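# Next input, structure requested:
(chains A and B)
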Amino acid sequence: MRRFFLAIFVLLGVVVITFILSHSLGGDPVVAWLGRTAGAHPALAEAYRIKYHLRDPLWVQFYYYITNLLQGNLGLSPSRGFIPVSEVIGETLPLTLQIAFFAIVLTLVLGTVLGVVSAKYHHRTIDRSIRSFYLAGISSPVFFLAILLLIVFTLMLHLFPSGSAADPNLTAPTPITWIPMLDSLIELNFPYFLSSVQHTILPSLALALGTFGVIVRVLRSSMLEVMHANYIRTARAKGLDENTVFFKHGLRNAMIPVVTLASLVITWMMTGTIFVENIFAYPGIGQYVFQALAAQDYPGILATTLVFAIIIVSSTLAADILYAVVDPQIRLG
Amino acid sequence: MLEVSTEEEITYLPKIQGRFRDGFRVIREDLGALIGALIVLGFVTTSIAVYVSNLIGVQITPYNPLQENVGPALAAPSFAHLFGTDILGRDVFSRIVIATPADFSVGIVVIASSFFLGALIGSYAAFHGGLLDEALMRVTDIFFAIPALVLAMSIGLALGPGITNMTVALMIIWWPPYARLARGEALKIAHQNYIEAAKLSGLGRFMILLKHVLPNITITMLVYATLDVGTVILIYSGLSYLGLAVRPPHPDWGEMVSLYQDWMISAPWLPLIPGFIIALGVIGFSLLGDGIRDALEVY
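Sure, this is the predicted structure:
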């Protein structure tokens, strides 16, 4: 319960920070919204200032800011033709969740397999090659990885398409869960499902290549540590074969510290989508951040900052709870 | 009294010296750490050379990095143009060399400021305890919840683009992990005898922090910091890619990737080379940091 309140507190802090930021951002927001019209019609600009409480004291503005937030009113987005920011996020976030889902699966698979191999053959050549491989991955800027994948797999080998979230010529599924990939599965619209998977693979691979290294690193060292534990000696003494000991007794326990990496991994993925979606022209929330940044669309940037923070805080909370479930020695404080 | 202090020195000093000597030995024997040290050394030398040449007004690059049409547009890498030329016929190798000091100095400056700020705040909180300590931990919680790049991006927008402003934005957000680390390390030594002795001898809290706590937590923090320089360079290159760091025509690695990605069909090496250079710098610091960590066995 304490953790839950802490999460709420952290989110509140994030809201305060975004509020402060929104007020220190340069320029008059009314001028930013209205463009040239503001200069031509000072009375109109003044009316907007009064309508949006820009003439009120700061704490009153904060009150309105919070009330608007709670009502899901995040302002209008100049970079998207002044449609509500909440609508833009509603459109883009599900697409990003598709990428994030595949990226997390790829990260876990790559990280676990290579981590186990590394631990099993530690200090041998294969361990060293894996280390070089993941070191190259985590050291590369994610935009470099994305461009590399795009050049090799799309431009040279023509294996995967890019440029949208799915083939625009296919009939899109009706929104049920609002996540197109799931919706197309529910409607048994397989061509659309396949197309969206094809469009998702390279962006999520780019994200995974930059992230899986942390898992390999942690899993390898925790595996090596676990294999020296007393219960491993007991298991071996019982006469179990080495594979059962390694995977059933070793790996299971070695996976526990990996859970704590969840918030780190999610943070990297969220940051990565800004670059990856831009490079693959994938219309997710990351591309929105990129475009909002170019157009100085402050409501968009602040809202996406908040959305990113909510995702990170809730996944950290989930990881903490999961941690307590998989390791009974940890008690939720 | 005198006897005690000399005895302590005798047991203490050789240990530290031994650790550093071990460190150099391990770096010599550990191929990875050696490569890392060489890469970092290479970049540092380039940075200093470029900086000095800027000061005295000498051109050390084969071509003027800002001058257009020094070669044919979009030429492939060759001996005349090591990394090829861009659409305006500018020499890419010269542009990459000239951008080195920016990326490296941002990394070093941000880490150095976070190191000192974090060490001071963290160890003070550990010794003070109570409400201040709790407040610090919660503030760092909030900072952890927003991705560094996104926060730096918003602060950077508020300050306006530019290398100095991006450095300031990164300095504002980068210290919390250092404060946490310093706090943890300081808590470990808070009840050591020499701290008690310093307290008994009537030393003020601030002097205890300065003379006894900080020197003893630096090694752990130094290892973390070395590994972290690469991360700052990565985030900075991201900001630069987003167009927040330098104004064209001035080159910067991240900005070059985003500028050159438009030609990835006709000249795929153009965006790949600056991206690879960033990765190389980050790998250098990772390998070096890993090597130092193994040598000192801090973790």
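# Name the residue closest to the centre of the chain, please.
No chain was given, so I picked chain A. A:Met270 (3.0 Å; C-alpha atoms, centre = their mean).
# The intended chain is chain B.
B:Val229 (2.4 Å).
# I'd guessed that residue sits against B:Ile108; true?
Yes - taking contacts as C-beta atoms under 8 Å, B:Val229 lies within contact range of B:Ile108: 6.7 Å. Yep, even glycine has a C-beta here, placed from its N, CA and C like the rest.
# Contacts only, for the closest residue to A:Glu91 other than its chain neighbours.
Distance criterion C-beta to C-beta, 6 or more residues apart in numbering or on different chains; nearest residue to A:Glu91, sequence neighbours excluded, is A:Pro283 at 7.8 Å. Shown in contact with A:Pro283 (C-beta atoms under 8 Å, 6 or more residues apart in numbering or on different chains): A:91-92, A:95, A:164-165, A:277.
# Which residue, other than its chain neighbours, is closest to the residue of chain A found nearest chain B?
Residue of chain A nearest chain B, by C-beta to the nearest C-beta: A:Phe144 (3.0 Å). Of all residues not flanking A:Phe144 in the chain, B:Gly275 sits nearest, at 3.0 Å (C-beta to C-beta, 6+ apart).
# Chain A contacts on the stretch 1-150 of chain B?
Residues of the stretch 1-150 of chain B that fall close to chain A, judged by C-beta under 8 Å from any C-beta of the partner chain: B:32, B:138-139, B:141-142, B:144-150.
# which of these sit farthest apart?
B:Gly32 and B:Arg138 (38.5 Å; C-beta to C-beta).
# With neighbour numbers in mind, choose between these two.
A direct count of neighbours by other C-beta atoms under 10 Å in any protein chain shown for B:Gly32 and B:Arg138 places B:Gly32 higher, at 19 against 13.
# Where does that one fall, secondary structure wise?
Using DSSP states H and E, B:Gly32 falls within helix B:31-56.
# helices and strands around that helix, which ones?
helix B:2-29, helix B:92-128, helix B:269-296 (3 or more C-beta pairs under 8 Å, 6 or more residues apart in numbering or on different chains; DSSP states H and E).
# and it with helix B:269-296, angle?
120 degrees (axes from the mean of the first three to the mean of the last three C-alpha atoms, to 10 degrees).
# State the mean pLDDT of helix B:31-56.
Per-region confidence: helix B:31-56 scores 90 on mean pLDDT.
# Next: stretch B:229-238.
Average pLDDT, stretch B:229-238: 93.
# ok so, going back, give the other helices and strands that the helix or strand harbouring the residue nearest to the centre of chain B contacts.
Assessed by DSSP H and E, B:Val229 sits inside helix B:214-241. Contacts defined by 3+ C-beta pairs under 8 Å, 6+ apart place helix B:214-241 against helix A:142-149, helix A:262-279, helix B:92-128, helix B:148-159, helix B:163-174, helix B:176-189, helix B:253-260, helix B:269-296.
# among the ones you listed, which is nearest A:Phe102?
Each of the helices and strands packed on helix B:214-241 has some distance to A:Phe102 by C-beta to C-beta; the shortest is helix A:262-279, at 10.5 Å.
# name the helices or strands packed onto that closest one?
The helices and strands touching helix A:262-279, judged by 3+ C-beta pairs under 8 Å, 6+ apart, are helix A:85-120, helix A:142-149, helix A:190-226, helix A:285-294, helix A:298-326, helix B:148-159, helix B:214-241.
# For B:Ala279, which of those is the nearest?
Nearest to B:Ala279, of all the helices and strands packed on helix A:262-279, is helix A:142-149, at 6.1 Å by C-beta to C-beta.
# on that earlier part again, how much does the helix holding B:Gly32 deviate in direction from helix B:214-241?
Using the same axes, to 10 degrees, the direction of helix B:31-56 lies 70 degrees away from that of helix B:214-241.
# rewinding a little: enumerate every residue touching the residue of chain A closest to chain B.
Counting by C-beta under 8 Å, 6+ apart, A:Phe144 makes contact with B:257, B:271-272, B:275-276, B:278-279.
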